[in-house]
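**Q** sequence unknown, structure follows:
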């Protein structure tokens, strides 16, 4: 963690610890979200500059609401070990907000704020904002801050976007933030082989 986070934790009386020696899975609950959420949305490209930062902020603002309000997830209920076999049973998949609203220790005023947030959020608009931010980031992959010129944020037509959703799940969708496959344009050089000098003699 950076110095800003550590100093804030110490000012709040929070103990900052590292993972235990020879226990590399201590941070697994945090690290698993890098692949499940971050890399699936942002990809592996390098983003530099204030414009790319603003696009990432717009993306995460929409993703935060979309994941917590509308995306169901499994939660482990119990785990039983029988010899070498491990049996896991899960709760029914529900969005995280449903678990918070059902929790008895959450204050009612906080639950009311979440209900208002859920009632005013639109999953289609959030999904459209996610794709618009990804489209903006896709044009900035591997650019450097000095080479990026200010551009207007990408705006996706909602009517066209919702119409494409009917067929996108069938044909598959390549997100703009994903790295494009490398295609070689130059011909491969012909390398000399060991029997090359003797090819004429072999043929004769």
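**A** That came in fine, so what should we check first? Everything quoted here is computed from the prediction, not taken from an experiment.
**Q** use CA for all of it now, contacts and neighbours both
**A** Noted.
**Q** what ranges do the helices span in this protein?
**A** 3-11, 28-33, 39-42, 50-70, 96-102, 108-120, 123-138, 158-171, 199-203 (DSSP state H).
**Q** Report the mean per-residue pLDDT for the fourth one.
**A** With pLDDT averaged residue by residue, helix 50-70 scores 91.
**Q** Might you calculate how far it sits from the centre of the chain?
**A** In terms of C-alpha atoms, centre = their mean, to the nearest Å, the gap separating the centre of helix 50-70 from the centre of its chain is 10 Å.
**Q** Identify each buried residue in that helix, please.
**A** Within helix 50-70, the residues that count as buried by 16 or more other C-alpha atoms under 10 Å are 51-52, 55-56, 58-60, 62-63, 65-70.
**Q** As a markdown table, the helices of the chain with distance to residue 89 would be great.
**A** Shown next, in a markdown table, are these (distance: least, C-alpha to C-alpha, whole Å):
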| stretch | distance to residue 89 |
| --- | --- |
| helix 3-11 | 36 |
| helix 28-33 | 18 |
| helix 39-42 | 26 |
| helix 50-70 | 22 |
| helix 96-102 | 17 |
| helix 108-120 | 28 |
| helix 123-138 | 29 |
| helix 158-171 | 29 |
| helix 199-203 | 67 |
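**Q** out of these, which comes closest to residue 189?
**A** Nearest of these to residue 189, taken as C-alpha to C-alpha: helix 199-203 at 18.9 Å.
**Q** What is the neighbour count of residue 48?
**A** Using other C-alpha atoms under 10 Å, residue 48 has 17 other residues around it.
**Q** Between the helices of the chain, which one is closest to residue 85.
**A** Closest to residue 85 of these is helix 28-33 (C-alpha to C-alpha; 21.6 Å).
**Q** before we move on, back to that, hey, which of the helices of the chain is tucked in deepest?
**A** Most buried of the helices of the chain, by mean neighbour count (mean count of other C-alpha atoms under 10 Å): helix 123-138, with a mean of 20.
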